[in-house]
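**Student:** predicted model, plus sequence, below.
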2 protein chains.
Amino acid sequence: MRRKSALTTGEIAQYCDVNFRTVLRWIERGKLRAYKLPGRGDNRVRIDDFREFLEQHKMPIPELFTSPRRHRALIVEGDAHIAGSICHALEHVGFETVVAPDGFRAGTYLGKYTPAVMTLDLQMPGLTGVNILSFVRATQDASKTKILVVSAMPAADLQQAMFAGADDVLQKPFDNNQLVEKVKSLVAGSTVRVPIYAQNTEAVCS
Amino acid sequence: MRRKSALTTGEIAQYCDVNFRTVLRWIERGKLRAYKLPGRGDNRVRIDDFREFLEQHKMPIPELFTSPRRHRALIVEGDAHIAGSICHALEHVGFETVVAPDGFRAGTYLGKYTPAVMTLDLQMPGLTGVNILSFVRATQDASKTKILVVSAMPAADLQQAMFAGADDVLQKPFDNNQLVEKVKSLVAGSTVRVPIYAQNTEAVCS
DNA sequence: TTCGGATTTGACAGGTTTGTCATGTGATCT
DNA sequence: AGATCACATGACAAACCTGTCAAATCCGAA
């Protein structure tokens, strides 16, 4: 079954545990964004709009909408050996993993998979670590992705990574259990929403 | 995926997140314009008609059809000076430009903006040029993006870039006019076989 | 605490659209 | 050419919209 990209009023009514008439009124009053089908004027609400609505009103978000992203981890790591090891560890605790062996792929995969968490090797060739951190933080779509910096750099540099936007750091060499613990707590903590949205830094030439 | 100038009912059903039976009814009632194939009477909807339909009903337009795509150029270039120069030249002939100063951003922007054409500096720090070429070519969403490799590498290496998937190459240093010409012809060549009715007359500057 | 007014939500009915299923036939692929 | 897939059609069930009215909730005042 294909994943739906839009919901009907009835479905939303179920999720919110209210009468569908109420959902219609929300839409009427512009509290919930929706578009209409040409026929009878059936409303469809895009999942993203629905999520935003839920967050805005601090309503509980059904597992259904958080789960697929929640268990996805992006591993940005140049060393295939280490990457494989991380993969294995995370998959073992239920994550769906994707490995990006270079910066370019890290970028595409981040946008494509919107993982819940991303482990980032700052010393990959071609990655100007700190820049990436702040860039990701400023990117709306990815701002919710938790970042765990994994690096062999000295502790002072790791501290700086935290300032730049990392959610946590882990010094190489590390133990897989350590990593799994950190990742898990990052994902668990991500249920708390920070309402501050970084402004979108556009790179469009003017 | 094959290039299409018209859509079937099934495809529209997918895009609209609706049952294909419903799409048929829309067509029956004249809400969505379509023409029939001679055989069984299969419906085909021209892309422009579909887009008009979506706009008319304020329905979200799938990324796939967002119009300006054709005129978007992604400039992957580490040297801000050169990047600015390319930007300027391309904007002058009607492109919307985006600059990616590193591999990571190249990746995110490629996915985000799905540009019609991408100029790629193979010697950027951290870009393992040839890998990227083949990666992009293998990536479904971006496979239509034309790639112009811009590099100071010797001609033999550029030749290899062609084998790896580049659509054209340009040796540094280059003249802006040269670049513009190449980009324009790449975009022109990619003509998505837009049928006659295409009113996109704002097309590439002539 | 209790009361009344204002607002929001739930319930019901009628009419219409949309989804589902089964079937037949033309496309499409190898 | 044959096998598989996608589409069209018809009928029926399910879901949705509109309008109206009753019930529940909220809020300030007595």
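**Tutor:** Noted; the coordinates are in hand.

**Student:** going forward, measure contacts and count neighbours with C-alpha atoms only.
**Tutor:** Noted.

**Student:** how about the strands in chain A?
**Tutor:** Using DSSP state E, the strands of chain A run over residues A:6-7, A:35-36, A:43-46, A:72-76, A:96-100, A:117-121, A:146-151, A:168-171.

**Student:** tell me the pLDDT of A:Q140.
**Tutor:** pLDDT recorded at A:Q140 is 61.

**Student:** what's the closest of the strands of chain A to B:L148?
**Tutor:** When the strands of chain A are compared by CA to CA, strand A:96-100 sits nearest B:L148, at 23.8 Å.

**Student:** just how off-centre is the closest one within its chain?
**Tutor:** Remark: strand A:96-100 is offset 14 Å from the chain centroid, using CA atoms, centre = their mean, to the nearest Å.

**Student:** list the pairing partners of it within its sheet, with orientation.
**Tutor:** Its sheet considered, strand A:96-100 pairs with strand A:72-76 (parallel) by DSSP bridges.

**Student:** neighbours of A:F53, how many?
**Tutor:** A:F53 has 16 neighbours, counted by other CA atoms under 10 Å in any protein chain shown.

**Student:** break chain A into its domains for me.
**Tutor:** When chain A is parsed with automatic domain parsing, its domains come out as A:6-61, A:67-189.

**Student:** just say which of those is most tucked in.
**Tutor:** Looking across the domains of chain A with neighbours counted as mean count of other CA atoms under 10 Å in any protein chain shown, the highest average goes to domain A:67-189: a mean of 19.

**Student:** quote the end-to-end distance of stretch A:30-37.
**Tutor:** 17 Å (CA to CA, to the nearest Å).

**Student:** for stretch A:72-89, same thing?
**Tutor:** Termini of stretch A:72-89 sit 13 Å apart (CA to CA).

**Student:** what does it rub up against?
**Tutor:** A:90, A:95-103, A:106, A:109-110, A:113-121, A:124-125, A:176-177, A:180 (CA atoms under 8 Å, 6 or more residues apart in numbering or on different chains).

**Student:** equivalent analysis for stretch A:17-30, please.
**Tutor:** Contacts of stretch A:17-30 (CA under 8 Å, 6+ apart): A:T9, A:G10, A:I12, A:A13, A:Q14, A:L32, A:R33, A:A34.

**Student:** enumerate every residue touching the fifth one.
**Tutor:** Yep, that's A:Q14 we're talking about. A:Q14 touches A:F20, counting by CA under 8 Å, 6+ apart.

**Student:** one more: the second one?
**Tutor:** Under the criterion of CA under 8 Å, 6+ apart, the contact list for A:G10 reads A:F20.

**Student:** repeat that for the last one.
**Tutor:** Listed by CA under 8 Å, 6+ apart, the contact partners of A:A34 are A:I27, A:N43, A:R44, A:V45, A:R46, A:D49.

**Student:** dump these to a markdown table, plus pLDDT.
**Tutor:** Output for the contacts of A:A34, formatted as a markdown table (pLDDT from 0 to 100):
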| residue | pLDDT |
| --- | --- |
| A:I27 | 90 |
| A:N43 | 90 |
| A:R44 | 90 |
| A:V45 | 90 |
| A:R46 | 87 |
| A:D49 | 85 |
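
**Student:** adding distance to DNA strand D, write the residues you listed out as JSON lines.
**Tutor:** Output for the contacts of A:A34, formatted as JSON lines (distance: CA to the nearest atom of the strand, whole Å):
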{"residue": "A:I27", "distance to DNA strand D": "9"}
{"residue": "A:N43", "distance to DNA strand D": "4"}
{"residue": "A:R44", "distance to DNA strand D": "7"}
{"residue": "A:V45", "distance to DNA strand D": "10"}
{"residue": "A:R46", "distance to DNA strand D": "13"}
{"residue": "A:D49", "distance to DNA strand D": "16"}
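
**Student:** of those, closest to B:A164?
**Tutor:** For those, the closest approach to B:A164 (CA to CA) belongs to A:R46, at 39.2 Å.

**Student:** didn't A:A166 look like it was pressed against A:I147?
**Tutor:** Yes - at 5.3 Å, A:A166 counts as touching A:I147 under the criterion of CA atoms under 8 Å.

**Student:** around DNA strand C, pick out the residues from chain A.
**Tutor:** Selection of chain A residues close to DNA strand C by CA under 7 Å from any atom of the strand yields A:17-22, A:25-26, A:37-42.

**Student:** sounds good, over and out.
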